[in-house]
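1. Okay, predicted coordinates and the sequence, questions at the end:
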Amino acid sequence: MYLLGNLIWILFGGLIAAILWFVAGVICCITFIGIPFGIQCFKISGFVLYPFGRDIEIKGFGIGSLIGNVIWIIALGWELCIYHIVIGLLMCITIIGIPFGKQHFKLAKLSLVPFGSKIYTKSWL
């Protein structure tokens, strides 16, 4: 079931979103200071490519993660969060779009706190 969800996700916008996250990572990696933010963009790009069957867990923050998340929210995070919430709400208008809307809500949460978040694969059981 996860495979079918991921294939439909890729066909209807997931591939474009993953490419955009990847391009954002490349742009962030141009400067030395932006490399940690670029690495997070690459991780999120992989998550955006196939989100079904995977989830995120927000773990405890250290001081470095806290500072990184504050800078991230000010620079990029709030815009990305609003984008994913709006798209998620639009997807939830139809019954068929609800699973895709839920994925956008996960991405909204991840776009606010990428530092200190862990992406993991759900177990089958």
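-> Alright, I've got the coordinates.

2. Quick one: find the helix or strand in the protein with the lowest mean pLDDT.
-> strand 117-121 (a mean of 83; mean pLDDT, DSSP states H and E).

3. So what are the sheet partners of it and their directions?
-> When pairing is defined by DSSP bridges, strand 117-121 lines up against strand 54-58 (antiparallel).

4. And the strand it pairs with, what's buried?
-> When neighbours are counted by 16 or more other C-beta atoms under 10 Å, the buried residues of strand 54-58 are found to be 54, 56. The C-beta positions use only the backbone N, C-alpha and C, and glycine is treated the same way.

5. And for stretch 106-125?
-> By 16+ other C-beta under 10 Å, the buried positions in stretch 106-125 come out as 106-117, 119.

6. before we move on, what about stretch 31-49?
-> With burial defined by 16+ other C-beta under 10 Å, the residues of stretch 31-49 counted as buried are 36-38, 40-45, 47-49.

7. Which ones among these lie within strands?
-> When DSSP state E defines the strands, the subset of the buried residues of stretch 31-49 inside them is empty.

8. Looking at these, which is nearest residue 96?
-> Ranking the buried residues of stretch 31-49 by separation from residue 96, with C-beta to C-beta as the measure, puts residue 48 on top at 19.9 Å.

9. How about the residue nearest the centre of the chain: what's its closest non-neighbour residue?
-> For the chain, residue 107 is the residue whose C-alpha lies nearest the centre (C-alpha atoms, centre = their mean; 3.8 Å). Leaving out its chain neighbours, the residue that sits closest to residue 107 by C-beta to C-beta, 6 or more residues apart in numbering is residue 84, at 4.5 Å.

10. Return the distance of the one you found relative to residue 7.
-> From residue 84 over to residue 7 the distance is 21 Å, taken as C-beta to C-beta, to the nearest Å.
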